[in-house]
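Participant: Please work out how this folds:
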Amino acid sequence: MSSRPSDHGTGRPHTGGGAPTAADYYAVNRGGGLFSEGISQRIGARIAVFAHKNRLTPTVLTILNLGLGCLVSFIVIATAGPVAEGSLWAAPIGLLALVGWQLAYAFDCSDGQLARVTGQSSPAGGRLDVLCDVAVQSSLVAALSAVAKAQEPDTPAWLLAAFAATWMVNLVTSVMQGGTQAASMVTSTSFPVRAAKLVRDYGAVITLAGVVLTVAPQWAVWFVALFTLINGGFLAASIAFAGRASLKGS
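Facilitator: As a prediction, this is how the structure comes out:
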């Protein structure tokens, strides 16, 4: 899953009178999908308002995303065994994951909004954002894999390895689509198409992950299998799409 739409990309600084509003920040959001645009980016805009008021830089928000996201993942990993054994309730840990990962993603959305509106964009900030995204998503993958293995000890190692490898497909393809490399296999913006793309919307996916950990952590292995299949299929389709375009010389 990708959270790249929130990077410290270039944008038009706010030139109106007074401090930028949440609407100003939301206007420069980089999307991310139906869920991310409707919820995560809107929360991010309000965080950006607070950050600007308190003179926090985009880099501070990026680091908050890193710290919170990795901390929540570490807690999920540390409690995976006790939850599976029944000595610890799953619901509090799942709710922590649901809220914590969402808030971390909102920080990730807000850093780019703040950078673009206030004119604080920089190549270094963009690189930091990508690296922190990789770290947070790596920790999240490790957490989900730990829960799956704890709940189902017979979960094959190859499935967890494939899950970890294919999870980053969206992040990699999003980075590759910058500038002159931008392309999309499905360009329609109709609601049915956008709804179908929720399976690749990072905000929607971590919501589903949090719900699974809260309500039925024993389903974690099926979550892992499902998204391995989805992301692996998208990788294969992307290779075919890029290969076809390459053969055409475009």
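Participant: Going by C-alpha atoms from here, please, whenever you check contacts or count neighbours.
Facilitator: OK.
Participant: And the next helix or strand past the helix or strand of the chain with the lowest mean pLDDT?
Facilitator: For the chain, scoring each helix and strand by mean pLDDT, DSSP states H and E identifies helix 169-176 as the least confident one, at a mean of 71. Under the assignment DSSP states H and E, the closest C-terminal helix or strand after helix 169-176 is helix 191-196.
Participant: Give me the buried positions along that following helix.
Facilitator: In terms of neighbour count (16 or more other Cα atoms under 10 Å), helix 191-196 has its buried residues at R194.
Participant: what comes into contact with it?
Facilitator: With contacts defined as Cα atoms under 8 Å, 6 or more residues apart in numbering, helix 191-196 is touched by 33-34.
Participant: The strand or helix carrying D133 - contacts with which helices or strands?
Facilitator: Here D133, judged by DSSP H and E, is contained in helix 123-151. Helices and strands touching helix 123-151, by 3 or more Cα pairs under 8 Å, 6 or more residues apart in numbering; DSSP states H and E, are helix 58-85, helix 157-167, helix 220-247.
Participant: helices and strands around the first one, which ones?
Facilitator: Okay, so that is helix 58-85. Using 3+ Cα pairs under 8 Å, 6+ apart: helix 58-85 touches helix 90-118, helix 123-151.
Participant: by how many degrees do that helix and helix 90-118 diverge?
Facilitator: 170 degrees (axes from the mean of the first three to the mean of the last three Cα atoms, to 10 degrees).
Participant: Please state the offset of helix 58-85 from the chain centre?
Facilitator: 14 Å (Cα atoms, centre = their mean, to the nearest Å).
Participant: residues of it that come out buried?
Facilitator: Buried positions in helix 58-85, judged by neighbour count with 16+ other Cα under 10 Å: 58-59, 61-66, 68-74, 76-77, 79-81, 83-84.
Participant: With the shortest one instead?
Facilitator: Buried residues in helix 157-167, counted by 16+ other Cα under 10 Å: 159-160, 162-164, 166-167.
Participant: who's in contact with that helix?
Facilitator: With Cα under 8 Å, 6+ apart as the test, helix 157-167 has contacts from 1, 138, 141-142, 145, 224-225, 227-228, 231-232, 235.
Participant: Export those residues to a markdown table and append columns for distance to G94 and neighbour count.
Facilitator: Formatted as a markdown table, the contacts of helix 157-167 follow (distance: Cα to Cα, whole Å; neighbours: other Cα atoms under 10 Å):
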| residue | distance to G94 | neighbour count |
| --- | --- | --- |
| M1 | 20 | 24 |
| S138 | 18 | 18 |
| V141 | 15 | 19 |
| A142 | 15 | 19 |
| S145 | 14 | 25 |
| V224 | 16 | 23 |
| A225 | 19 | 17 |
| F227 | 19 | 19 |
| T228 | 21 | 21 |
| N231 | 23 | 22 |
| G232 | 26 | 18 |
| L235 | 29 | 18 |
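Participant: Dump these into CSV; add pLDDT as well.
Facilitator: Compiled in CSV, the contacts of helix 157-167 are given as follows (pLDDT from 0 to 100):
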residue, pLDDT
M1, 51
S138, 95
V141, 97
A142, 98
S145, 98
V224, 97
A225, 97
F227, 95
T228, 95
N231, 92
G232, 91
L235, 87
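Participant: pLDDT weak spots in this structure?
Facilitator: Applying pLDDT under 70 to the chain flags residues 1-17, 173-189, 191, 250.
Participant: picking up where we left off before, tell me which of the helices and strands packed on helix 123-151 sits nearest to L95.
Facilitator: helix 58-85 (10.5 Å; Cα to Cα).
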